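J.: Mind folding the following:
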Amino acid sequence: MPSSTSSSDAGWWERPLPQSRIGAALAVAAVLFLLAMVAWESGWRAYGAVPGIRNSEGLWAAQRRRIDHGEGDRTVIIGSSRVLFDLQLPVWEKLTGRRPIQLALEGTSPMEALEGLADDAEFTGRLVVGVTPGLFFSGFAYRRAAFERYRKETPTQWLGQQLSQRLLEPWLAYYDDDFALFTVLERQPWPVRPGMDPPRRDVRKLSVTDGERNTRMWAKVETDEAYAALARSIWAQGFNRPPPGGPEEAAKRRDEQIERAVKAVAKLRARGVPVLFARMPSAGDFLAAENRSLPRAQTWDVLLARTGAPGIHFEDHAQLQGFHLPEWSHLSASEADRFTAVFAPMAEAALAAQTRPE
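T.: Numbers count the residues shown, from 1 in each chain. Model (predicted):
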């Protein structure tokens, strides 16, 4: 059968590459890349960004693994962003001689962490559980991927975390999810078409973290009132929103979370692990919304009564009040040091009281 193309036509589509100096092109590309990176870094530094360790799933997994590697007798902190921001590990260590392991996750109920520790025989220490009402009693877990990372981290993921944490994160201020180009583009005030609701605004950068997950409020939240006001307005988006599924479904979820806590605490205390619940400060419209939608009598009081564990609620102690919360939900960096200096001895006494012989 004859071919559909002749040998003389075989190369008609070929386009010879022009002669060029590949080395020069690569050099120009590298220079442009470096200039763009320096400009991006300089811009964010001028905005107030500073280098910090990314609070990634890999970083959380590394801290959780410390319990598996012989540090299971330490005080461990779980909860959401309030105990993450408000309890400063260096201050706690200075007062008690030992630094806790920080396993709180922002936007995430501590319930999965609580159950995991209850089932982990390697954990023989003491547990402080932060209670942020809207998260604890709903079971919402924004950072659930951290638990999966701890259970199934691959060697490649581990190596990537190590390289990033040691070679990039300590030096680059822009190396933060909040400062990514596409994140910035998404947050621009694009026009909203008629009939559309304005898009929901995501929480902005609020903190700086170190290699042991000690976390402090980003200075800009405290010093830039416009930025703090933006953070408050983002929180306020949910203050009057009805709970998913309505009040009956919300009450069911609340009771389910309390029951999960009861079972987990019973396992821990049977193993000799003391547990302390902690309600960190909130203020302004945030506190008012929490008290309105999740009243203490239906949440905190029931939790302590059902679990039999002690709790420290900031509203019960004058020395835990009067602190500055720039965006209503977290203490500023300097206030967190002062708060920890008051809270840590109270927590130590409450935990020690559970281990004293009858």
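J.: buried stuff in whatever helix or strand Ala30 lives in?
T.: Take DSSP states H and E as the rule and Ala30 turns out to sit in helix 22-47. Buried residues in helix 22-47, counted by 16 or more other C-beta atoms under 10 Å: 41, 44. No exception for glycine: its C-beta is placed from N, CA and C like everyone else's.
J.: for the next helix or strand after it, packing partners?
T.: Downstream of helix 22-47, the next assigned helix or strand under DSSP H and E is helix 57-66. Using 3 or more C-beta pairs under 8 Å, 6 or more residues apart in numbering; DSSP states H and E as the contact criterion, the neighbours of helix 57-66 among helices and strands are strand 101-102, helix 145-152, helix 155-163.
J.: and of those, who's closest to Ser42?
T.: With C-beta to C-beta as the criterion, Ser42 lies closest to helix 155-163 of those, at 24.2 Å.
J.: Tell me the pLDDT of Gly11.
T.: pLDDT recorded at Gly11 is 57.
J.: Can you show me the strands along the stretch 251-358 of the chain?
T.: Secondary structure of the stretch 251-358 of the chain (DSSP state E, counting those that start in this stretch): strands at 275-279, 311-313.
J.: Glu212: neighbour count?
T.: Counted with other C-beta atoms under 10 Å, the neighbours of Glu212 add up to 17.
J.: Can I get the strands of the stretch 251-358 of the chain in a markdown table including distance to Leu287, mean neighbour count and mean pLDDT?
T.: Converted to a markdown table, the strands of the stretch 251-358 of the chain look like this (distance: least, C-beta to C-beta, whole Å; neighbours: other C-beta atoms under 10 Å; pLDDT from 0 to 100):
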| stretch | distance to Leu287 | mean neighbour count | mean pLDDT |
| --- | --- | --- | --- |
| strand 275-279 | 11 | 24 | 98 |
| strand 311-313 | 12 | 18 | 98 |
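J.: could the ones you listed be laid out in TSV, adding distance to Asp68?
T.: Rendered in TSV, the data for the strands of the stretch 251-358 of the chain read as follows (distance: least, C-beta to C-beta, whole Å):
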stretch	distance to Asp68
strand 275-279	20
strand 311-313	28
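J.: Name the nearest residue to the spatially most central residue of the chain, sequence neighbours excluded.
T.: What sits nearest the mean C-alpha location of the chain, by C-alpha atoms, centre = their mean, is Glu106, with 2.9 Å. Counting by C-beta to C-beta, 6 or more residues apart in numbering, Glu106 lies nearest to Ser81, which is 3.6 Å off, once chain neighbours are set aside.
J.: Just the pLDDT for that neighbour.
T.: You'll see Ser81 listed with a pLDDT of 98.
J.: burial measure for it, as a count.
T.: Ser81 is surrounded by 25 other residues when neighbours are defined as other C-beta under 10 Å.
J.: Number the residues from 473 up from this point.
T.: All right, first residue 473 from here; so that's Ser553.
J.: Pull up the gap between it and Phe505, please.
T.: In this view, Ser553 and Phe505 are 35 Å apart by C-beta to C-beta, to the nearest Å.
J.: For stretch 570-588, list every residue counted as buried.
T.: Residues 571-578, 580-588 are the ones in stretch 570-588 that count as buried (16+ other C-beta under 10 Å).
J.: Look at it and report the distance between its end residues.
T.: Across its full length, stretch 570-588 reaches 23 Å between end residues, using C-alpha to C-alpha, to the nearest Å.
J.: ok, now stretch 609-628?
T.: Using C-alpha to C-alpha, the end-to-end distance of stretch 609-628 comes out at 36 Å.
J.: quick one: buried residues of it?
T.: Buried residues in stretch 609-628, counted by 16+ other C-beta under 10 Å: 609-610, 612-613, 615, 618-619, 621-622, 625.
J.: can you give me the strands in the stretch 523-672 of the chain?
T.: With DSSP E, counting those that start in this stretch as the criterion, the stretch 523-672 of the chain has strands spanning 547-550, 573-574, 598-602.
J.: Pull up the per-residue confidence for the residue lying closest to Pro817 once chain neighbours are set aside.
T.: In space, not counting the residues next to it along the chain, Pro817 is nearest to Leu567; the distance is 6.5 Å by C-beta to C-beta, 6+ apart. Looking at Leu567, its pLDDT stands at 97.
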